[in-house]
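Colleague: what would the 3D arrangement of this be:
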Amino acid sequence: MSDLSPNEIRLLAPGIHALEMLERGERKPRTALQRHFLNVCKGECPARTAYERAYLKWRESKPDLLKLQRDIPTAKAKRSPVQDRANGNLQIARQRERRRKIEFKKIEEQAKRREAADIARQKQKYKIPTRRVQEWGTREDWKKDRDSWRR
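Modeller: The predicted structure is shown next:
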């Protein structure tokens, strides 16, 4: 089999002829991505997309993609169970690491929320009550009110 991974083969197989025509100049670039693809083929800039990276790999040896695409299921069947187990263990370890990171982030967020709540409670505990300002009114109002007491 070639250097191309099964995903790269699946990616390139439907449009390899269009990409070749674009590189040879038989087809004019219509979009910015196609112009960038041409620049990548000329070596003027690095490959950014998966298509560009896969095409550059394919261009080195130019294997028959249709044949490679047919061989993908057989190649999977030929892999040894030891390899699959090792890959499976690696994937499990990565999943566990991701879950640990997610749990750690959750714990940190909870701690931050609790700390903020504690600070708010401390502020409430030592909050000095404010005086209420009462309006007394004008002097005439005060005189009327004083007169009402005398009766």
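Colleague: low-scoring stretches of this protein, by residue?
Modeller: Within the chain, the stretches with pLDDT under 70 are 1-2, 74-86, 127-136, 148-151.
Colleague: mind giving me the domain split of it?
Modeller: Split into domains by automatic domain parsing, the chain comes to 6-78, 80-122.
Colleague: distance between the longest one and the chain's centre?
Modeller: Here the centre of mass of C-alpha atoms in domain 6-78, compared against the chain's by C-alpha atoms, centre = their mean, to the nearest Å, lies 26 Å away.
Colleague: on that earlier part again, can you redo the domains of the chain as JSON lines with distance to Trp142 and mean neighbour count?
Modeller: (Glycine included, C-beta is placed from N, CA and C.) As requested, the domains of the chain are exported to JSON lines (distance: least, C-beta to C-beta, whole Å; neighbours: other C-beta atoms under 10 Å):
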{"stretch": "domain 6-78", "distance to Trp142": "81", "mean neighbour count": "14"}
{"stretch": "domain 80-122", "distance to Trp142": "42", "mean neighbour count": "10"}
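Colleague: for those domains, give me CSV that also has distance to Arg146.
Modeller: CSV is the format used below for these (distance: least, C-beta to C-beta, whole Å):
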stretch, distance to Arg146
domain 6-78, 87
domain 80-122, 46
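Colleague: done for today, thanks.
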